[in-house]
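# just need the structure, nothing else, for what follows:
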Amino acid sequence: MLRRTKILATLGPASNDQQVLEKMIRAGVDMVRMNFSHGTAQDHLGRAERVRAAAKAVGRTVGILVDLQGPKIRVRKFENDKIVLNKGDKFILDAALDGLGNQERVGLDYKQLPDDVDVGTVLLLNDGMLEFHVTAVKGREVHCVVVRGGVLSNNKGINRQGGGLTAPALTDKDKEDIKTAALIKADFLAVSFPRTADDMKLARELQQAAGGKALLVAKIERAEAIPVLGEIIDASDAIMVARGDLSVEVGDAAVPGLQKKMIKMARARNKLAITATQMMESMITNPIPTRAEVSDVANAVLDGTDAVMLSAETAVGDYPVETIEAMARICINAEKETEESSADRRMDHVKFTRIDQSIAMSALYAASHFKVKAIVALTQSGSTALWMSRVSSTTPIFAMTPVDATLSKVTLFGGVHPIAFKIESKDHSVTLHQAEDELHRLGLVQDGDLIVMTVGESIGTAGHTNTMKIVRVGDYRKS
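Numbers count the residues shown, from 1 in each chain. Sure thing, here's the model as predicted:
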């Protein structure tokens, strides 16, 4: 069974070695995430080369997602690396402190914090493990009382409960990193902490100026993003349900419902959805997942996510390959339980604005009414395959294209499988026959199978798909 849900794995010390990368790709990685919070531009360029070399060695296409760091809303370092705070302790977050912190105060990377809080503001540190209530703001000092204590160590993050921190989504570092992403030829570019659609529009403008062509991912992790979610999705190509910071800001109990809502909204707008954060967290140190983690991954699949993401599990974990194998196994079994959405129901409420979009939906309609082995999109840009992938279908979709960038991008499209295919004829009937033969050679179809194929009359031109054909494999060779 071809897996519909894609696996996105974060790179790090545990997965830098090319041999490990090859094993990860064989285990099922479809795209890698490069976290630009760590490393230099040269590090990133070298890592991208290793990923592409490993993918070539394995014989698969693997995409690259660059994840921008975003604003550093964190405490700075302590004299002894960490302190222990108890309930009722008083503590100062000091934006003016340049030295090391101690039991009474600590410096801040985010110097604007005193401007963003008032008496009574609730601050959550270290992913919500510690809770501070603001009792006073004196100059550049934020005076707090500890409501929930614990260990506070170097560089831990700060969230304001309910949102309200004004840090811009794109920092000066991010703007430089966008240039590096363009050099790498990243397939996706993830923007951290966007608050409005304007944040995504700015990222797109900066990327275009740098010569990058990546699809943009909005990481939904701020409370302010929820009321304008539709606008942010419209300004992006994909969203990431970034459940860590989002959970801290809106409350953990709200996240499952928001996850379902976000995935549904993205699919309805023909955009992609990635579900992330702590999916297989226990496998950082254990060779098998917990039952709760299995259910979490399976539920994301049932929600209709395009991809599930691994973070520390593959970046620093002890079992990166085993984690990917486990995640692939869970996805495949969850997909067996999904109900196929009827393409004709989808067409009841979607207005087609382009000919190629109507062809994509017609192909799905036909596939849902015949016993079709595969849907085949001969595509330049990947748009036809994207529209097809927005309807949940158990029928695999093969995006056949001569364009390397398109091959890499569709690795994240749910249910879409990339196949490199050189188009040698301007006659689309010849091209369809050659595509059919290639699928047969790869063992993906057999003589007698029904397949649905789409192609453009103007072959080799993006956005010109205007033909759909239902084919019985091998029939043309008998005529």
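
# low-confidence stretches in the stretch 251-400 of the chain?
Of all residues in the stretch 251-400 of the chain, those with pLDDT under 70 make up the ranges 339-352.

# let me redo that: the stretch 1-150 of the chain
Short version for the stretch 1-150 of the chain, where the test is pLDDT under 70: 1.

# switch to 50 and redo it
Judged against pLDDT under 50, the stretch 1-150 of the chain has no low-scoring part.

# stretch 413-432: which residues count as buried?
Neighbour-count burial for stretch 413-432 flags 413-419, 421, 423, 428, 431-432 (criterion: 16 or more other CB atoms under 10 Å). Backbone N, C-alpha and C define where each C-beta goes, glycine included.

# CA atoms only for that stretch, dumped as CSV, please.
Taking C-alpha atoms only, stretch 413-432 is exported to CSV below (Å, rounded to 0.1, in the frame of the first residue of the first chain):
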residue,chain,number,x,y,z
PHE,A,413,1.3,16.7,-1.2
GLY,A,414,-0.9,14.1,0.5
GLY,A,415,-1.4,11.1,-1.7
VAL,A,416,0.8,12.4,-4.5
HIS,A,417,3.9,10.4,-5.5
PRO,A,418,6.6,12.0,-7.7
ILE,A,419,7.9,10.3,-10.8
ALA,A,420,10.6,11.9,-13.0
PHE,A,421,9.4,11.7,-16.6
LYS,A,422,11.0,13.2,-19.6
ILE,A,423,8.5,14.5,-22.1
GLU,A,424,9.9,13.9,-25.6
SER,A,425,6.9,14.4,-27.9
LYS,A,426,4.5,17.3,-28.5
ASP,A,427,1.8,14.8,-29.4
HIS,A,428,-0.1,14.2,-26.1
SER,A,429,-1.4,10.8,-27.2
VAL,A,430,2.2,9.6,-27.6
THR,A,431,3.2,11.2,-24.3
LEU,A,432,0.3,9.4,-22.5
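
# any idea how far L310 is from the residue most central in space within the chain?
Taking CA atoms, centre = their mean, the centroid of the chain lies closest to I274, which sits 4.0 Å from it. I274 is 11 Å from L310, where distance means CB to CB, to the nearest Å.

# which neighbours do these two have in common?
Common contact partners of I274 and L310 (CB atoms under 8 Å, 6 or more residues apart in numbering): L8.

# so after the lengthiest helix in the chain, what's the next helix or strand?
When the chain is parsed with DSSP state H, its longest helix is helix 41-58. Later in the chain than helix 41-58, the nearest helix or strand by DSSP states H and E is strand 63-67.

# what number of residues lie near M265?
17 (other CB atoms under 10 Å).

# I figured it hits E231, correct?
No: the criterion here is CB atoms under 8 Å, and M265 misses it with E231 at 11.0 Å.

# quick one: the nearest residue to G120 once chain neighbours are set aside from F91, how far?
Nearest non-adjacent residue to G120, counting by CB to CB, 6 or more residues apart in numbering: V134, 6.4 Å away. V134 is 11 Å from F91, where distance means CB to CB.

# A203 too?
Applying CB to CB, the value for A203 to F91 is 35 Å.

# looking at those two, which has the bigger crowd around it?
A203 (27 against 22).

# where exactly do the strands run in the stretch 51-200 of the chain?
Applying DSSP state E, counting those that start in this stretch to the stretch 51-200 of the chain gives strands spanning 63-67, 82-85, 90-94, 105-107, 122-125, 130-138, 141-148, 150-153, 158-160, 188-191.

# closest to L11 out of those?
Closest to L11 of those, according to CB to CB: strand 63-67, at 9.3 Å.

# given the closest one, what are its sheet partners and their directions?
Sheet pairing here is set by DSSP bridges, and for strand 63-67 it gives strand 31-35 (parallel), strand 188-191 (parallel).

# out of these, flag the one nearest L97.
Comparing the strands paired with strand 63-67 by CB to CB, strand 31-35 comes nearest, at 27.8 Å.

# picking that back up, quick check: the residue nearest to G120 vs N126, distance?
17 Å.

# got it, and E141?
In terms of CB to CB, E141 sits 20 Å off from N126.

# cool, and A268?
36 Å.

# show me which of the two is the more surrounded one.
Higher neighbour count among A268 and N126: N126, with 18 against 14, using other CB under 10 Å.

# mind listing what that one touches?
With CB under 8 Å, 6+ apart, N126 has these contacts: 150-153, 156-157.

# at 10 Å what do you get?
The contact partners of N126, taken as CB atoms under 10 Å, 6 or more residues apart in numbering, are 74-75, 150-153, 155-159, 248.

# now the residues you listed as a markdown table including distance to L258 and neighbour count?
Shown next, in a markdown table, are the contacts of N126 (distance: CB to CB, whole Å; neighbours: other CB atoms under 10 Å):
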| residue | distance to L258 | neighbour count |
| --- | --- | --- |
| R74 | 24 | 18 |
| V75 | 27 | 24 |
| G150 | 26 | 16 |
| V151 | 29 | 12 |
| L152 | 28 | 21 |
| S153 | 29 | 15 |
| N155 | 27 | 13 |
| K156 | 24 | 17 |
| G157 | 20 | 18 |
| I158 | 21 | 23 |
| N159 | 16 | 26 |
| V248 | 13 | 23 |
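
# which residues does the closest residue to V106 other than its chain neighbours bridge with?
Distance criterion CB to CB, 6+ apart; nearest residue to V106, sequence neighbours excluded, is V75 at 4.7 Å. Beta-bridge partners recorded for V75 (DSSP bridges): L108.

# surely V75 touches N155?
Yes: under the criterion of CB atoms under 10 Å, V75 makes contact with N155 at 6.8 Å.

# overlap of the contact sets of these two?
Common neighbours of V75 and N155 (CB under 10 Å, 6+ apart) are 109, 126.

# what's the closest of the strands paired with strand 63-67 to D109?
Here strand 31-35 is closest among these (CB to CB), at 17.3 Å.

# now do the closest one: distance to the chain's middle.
9 Å (CA atoms, centre = their mean, to the nearest Å).

# ok, now stretch 429-437?
So, by CA atoms, centre = their mean, the centroid of stretch 429-437 is 33 Å from its chain's centroid.

# what's next to that stretch, contact-wise?
Counting by CB under 10 Å, 6+ apart, 376-378, 398, 400, 419, 421-425, 427-428, 445, 449, 451, 453-456, 459-460, 467, 469, 471-477 sit against stretch 429-437.

# at 7 Å instead, please
Stretch 429-437 is contacted by residues 376, 378, 400, 421, 423, 425, 453, 455, 459, 469, 471, 473, 476 when judged by CB atoms under 7 Å, 6 or more residues apart in numbering.

# which element is the third one on?
Here M400, judged by DSSP H and E, is contained in strand 397-401.
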